[in-house]
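# A predicted structure for the sequence below; I have some questions about it.
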Amino acid sequence: MLSMKKAEMGRFNISPDEDSSSYSSNSDFNYSYPTKQAALKSHYADVDPENQNFLLESNLGKKKYETDFHPGTTSFGMSVFNLSNAIVGSGILGLSYAMANTGIALFIILLTFVSIFSLYSVHLLLKTANEGGSLLYEQLGHKAFGLVGKLAASGSITMQNIGAMSSYLFIVKYELPLVIKALMNIEDETGLWYLNGDYLVLLVSLVLILPLSLLRNLGYLGYTSGLSLLCMMFFLIVVICKKFQIPCPLGIAMAINETMNSTVTQPTTFSPDWAFNKTEVDTCTPHYFIFNSQTVYAVPILTFSFVCHPAILPIYEELKGRSRRRMMNVSKISFFAMFLMYLLAALFGYLTFYGRVESELLHTYSVVMKNDILLLIVRLAVLMAVTLTVPVVVFPIRSSITHLLCATKDFSWWRHSLITVSILAFTNLLVIFVPTIRDIFGFIGASAAAMLIFILPSAFYIKLVKKESMKSLQKIGALFFLISGIVVMVGSMTLIILDWMHNASVGGH
């Protein structure tokens, strides 16, 4: 979601070299998801300060820098705000689509389980950080499984960030043409290049995103997560209000007519995802349990929407009066708030359009309500937030690639620029050639998000927490969680690939 995971993002952590006790403020940053305050000033010590006695016992004989730490300075309330920023993202725009393909009751069940499991994985991650003596996700992976663990953590975070970037650029692709049409009062868009979403994505990437992404530090961009959260709250309010302004039969009829006209007159433009579940065309009755070919995307969309785990440890380190219990309270409040926000956005979006919800909810309104000032303001706000967020997400990807390939080399503007351009070029190709944002949500949610929520925290916990035996209830629970994550990832990926193959065989999405 606007991860936002997601923008989800103003959140990142400065990563020290594995074997170094000092950190250079002039070196290129190594980010996971940034936190709002920790983004620009923290030096993440490779420690857990929760219990000094425990540190003295478990780290006896270690070098001083391995047990030193700096006190947190971020208040409880600001930590809740930061974590909420890390959770909410572009995934919120796909939740109504998920509900339209699961039904209200099944969606609530899935949403509840995913949120609880995500919170449980935060518990595992914090306890592992205590035991493993590291507040960096990648270093926990290295301590648990060596280079393989570090690559798994780094690769999952990078994939999640690429998914977040792609989802943001998809929003530009969907929404910017509508904003231009509304501002210029254009009715017939045939042949106008500046209303082609693919061209606009490339233009925005070159003119706005690339210059900002080439900066060596984020500056004010580190604060865009707050803007993202405000945009999503504004979006939620508008979704609730529009439910009472759009009559259901009128909304569906207009949507069908608009889709048919668009298909006849503009076959090369974006085609909405109204095609499934046609039995709902003549009804406005909500469904509570739905199973169809698109139901498989529900769990990946939900997992994509709840990924915030790379931000947990940076926020934990900056928390004032730091303790694991205090951080869990921060997590519980943040997850509960996002649970309510997600549920309301999905419910009111679904109850407005029922089976006609697109994979990107905001775009659905363009079919029914044209030239609506409130929706235009929402689109402008979301576009501004995602455009400023993309450069933030470029930083952790570039830093991860740099540290994997050129960790011992000095900074080079040529290498810096080449990696940045390559990341943006790859992401633009995904946005241009991947049919819908649903596929991004589905694939990343089933792979990287499942790794970050289910598999890695439980695997790190089992490996690093030595004081609990494998027969203990905690270890058995973690093992069950690990197995569940593998089942979710393999099962979701298999079903999504089968759906892609089926769509390809019948002529595309």
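That came through, no problem.
# Work out for me the element Thr494 sits within.
Using DSSP states H and E, Thr494 falls within helix 473-505.
# pLDDT score assigned to Asp499?
Per-residue confidence (pLDDT) for Asp499: 87.
# what sits against it?
When contacts are counted by CB atoms under 8 Å, 6 or more residues apart in numbering, Asp499 touches 293-294, 296. In short, each C-beta sits where N, CA and C put it, glycine included.
# What of Phe107?
Contacts here follow CB under 8 Å, 6+ apart; on that basis Phe107 touches 98-99, 298, 346.
# For these, could you give me TSV that also reports pLDDT, distance to Leu135 and secondary structure?
What follows is the contacts of Phe107, written out as TSV (pLDDT from 0 to 100; distance: CB to CB, whole Å; DSSP: H, G, I helix; E, B strand; the rest coil):
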residue	pLDDT	distance to Leu135	secondary structure
Ala98	94	33	helix
Met99	95	37	helix
Ala298	92	33	helix
Ala346	95	34	helix
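# in the stretch 151-300 of the chain, which spans are strands?
With strands called from DSSP state E, counting those that start in this stretch, the stretch 151-300 of the chain shows none.
# low-confidence ranges in it?
188-190, 218-225, 249-283 (pLDDT under 70).
# Could I get the full set of strands for the stretch 301-450 of the chain?
Under DSSP E, counting those that start in this stretch, the stretch 301-450 of the chain gives no strands.
# would you list every one of the helices in it?
Here the stretch 301-450 of the chain has its helices, by DSSP state H, counting those that start in this stretch, at 309-318, 324-353, 361-368, 373-405, 413-433, 437-444, 450.
# Of the ones you listed, which is nearest Cys248?
The closest of the helices of the stretch 301-450 of the chain to Cys248 is helix 324-353. By CB to CB, the value is 7.6 Å.
# Please identify the buried residues of the closest one?
For helix 324-353, the neighbour count (16 or more other CB atoms under 10 Å) marks 324, 326-328, 330-331, 333-335, 337-339, 341-343, 345-353 as buried.
# Pick out the shakiest of the helices of the stretch 301-450 of the chain, pLDDT-wise.
With a mean of 81, helix 361-368 has the lowest mean pLDDT of the helices of the stretch 301-450 of the chain.
# Kindly calculate the angle that it makes with helix 324-353.
Interaxial angle, helix 361-368 versus helix 324-353 (axes from the mean of the first three to the mean of the last three CA atoms, to 10 degrees): 20 degrees.
# Check the chain for its longest helix and report it.
Using DSSP state H to define each element, the chain has its longest helix at helix 137-184.
# quick check: angle from that helix to helix 309-318?
Using the same axes, to 10 degrees: helix 137-184 against helix 309-318 is 110 degrees.
# Are there helices or strands packed against helix 137-184, and which ones?
helix 104-132, helix 197-204, helix 309-318, helix 361-368, helix 373-405, helix 413-433, helix 437-444, helix 456-464 (3 or more CB pairs under 8 Å, 6 or more residues apart in numbering; DSSP states H and E).
# quick one: the fifth one to helix 361-368, angle?
Going back to what we said before, that points to helix 373-405. Using the same axes, to 10 degrees: helix 373-405 against helix 361-368 is 150 degrees.
# ditto for the first one
On the basis of the same axes, to 10 degrees, helix 104-132 is oriented at 150 degrees to helix 361-368.
# mind listing what Val431 touches?
So Val431 contacts 166, 169-170, 173, 198, 201 (CB under 8 Å, 6+ apart).
# how about TSV for the residues you listed, with neighbour count and distance to Val386 added?
What follows is the contacts of Val431, written out as TSV (neighbours: other CB atoms under 10 Å; distance: CB to CB, whole Å):
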residue	neighbour count	distance to Val386
Ser166	27	11
Leu169	29	8
Phe170	27	9
Lys173	25	11
Asp198	14	17
Val201	22	11
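# Nearest to Leu110, out of the helices of the stretch 301-450 of the chain?
With CB to CB as the yardstick, what comes closest out of the helices of the stretch 301-450 of the chain is helix 324-353 (10.5 Å).
# now the closest one: how far from the chain's centre is it?
The chain centroid and the centroid of helix 324-353 are separated by 14 Å under CA atoms, centre = their mean, to the nearest Å.
# ok, so of the contacts of Val431, who is nearest Val239?
Closest to Val239, out of all of the contacts of Val431 and judged by CB to CB, is Phe170, at 18.5 Å.
# and Ala407, how many residues sit next to it?
10 (other CB atoms under 10 Å).
# Look up the pLDDT of it for me, please.
So Ala407 comes in at 70 (pLDDT).
# Pretty sure Asn292 sits against Ala100.
No: if you go by CB atoms under 8 Å, Asn292 and Ala100 don't touch, sitting 9.6 Å apart.
# ok, so what distance separates the residue nearest to Gln294 when sequence neighbours are not counted from Leu95?
Nearest in space to Gln294, with sequence neighbours left out and distances taken as CB to CB, 6 or more residues apart in numbering, is Asn101 at 4.2 Å. Remark: distance between Asn101 and Leu95 (CB to CB, to the nearest Å) = 11 Å.
# what do you get for Ala449?
Using CB to CB, which is the criterion applied here, Ala449 is 14 Å from Leu95.
# next one: Phe433
Distance from Phe433 to Leu95, by CB to CB: 25 Å.
# Comparing those two, which shows the higher neighbour count?
Leu95 (28 against 8).
# nearest residue to that one other than its sequence neighbours?
Ala346 (3.7 Å).
# The one you found: what's it in contact with?
95-96, 98-99, 107, 111.
# got TSV for these, with distance to Leu230 too?
Below are these laid out as TSV (distance: CB to CB, whole Å):
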residue	distance to Leu230
Leu95	19
Ser96	20
Ala98	24
Met99	24
Phe107	26
Leu111	23
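# Can you report how many residues neighbour Leu498?
Neighbour tally, Leu498, other CB under 10 Å: 12.
# From here on, call the first residue 56.
Okay, residue one is now 56; in that scheme the one you just asked about reads as Leu553.
# that older thread, for the residue nearest to Gln349, give its distance to Val423.
Applying CB to CB to Asn156 and Val423 gives a distance of 20 Å.
# So for those two, which sits in the more crowded spot?
Ranked by neighbour count (other CB under 10 Å), Asn156 and Val423 place Asn156 first, with 27 against 22.
# wait, isn't that one in contact with Pro355?
No: applying CB under 8 Å as the test, Asn156 and Pro355 come out as separate, 11.9 Å apart.
# Please name the spatially closest residue to Thr442 (chain neighbours excluded).
Leu263 (5.8 Å).
# Would you mind measuring from that neighbour to Phe225?
Leu263 is 16 Å from Phe225, by CB to CB.
# what's the answer for Tyr152, then?
13 Å.
# Now for these two: what residues contact both?
With CB under 8 Å, 6+ apart as the test, Tyr152 and Phe225 both reach Glu415.
# quick one, what contacts the closest residue to Leu550 other than its chain neighbours?
Once flanking residues are discounted, Leu550 sits nearest to Val351: 4.0 Å by CB to CB, 6+ apart. Each residue near Val351 by CB under 8 Å, 6+ apart is listed here: 497, 547, 550-551, 554.
# Give the ChimeraX command for selecting the buried subset of those.
In ChimeraX, this line selects whichever of the contacts of Val351 come out buried by 16+ other CB under 10 Å:
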select :497,547,550,551,554
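# can the contacts of Val351 go into a markdown table with extra columns for distance to Lys522?
As requested, the contacts of Val351 are exported to a markdown table (distance: CB to CB, whole Å):
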| residue | distance to Lys522 |
| --- | --- |
| Gly497 | 39 |
| Ser547 | 34 |
| Leu550 | 39 |
| Ile551 | 39 |
| Asp554 | 44 |
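# Closest to Gly132 out of the contacts of Val351?
Gly497 (34.9 Å).
# Isn't that closest one up against Pro355?
Yes: in terms of CB under 8 Å, Gly497 counts as a neighbour of Pro355; the distance is 4.5 Å.
# Please enumerate the shared neighbours of those two.
547, 551.
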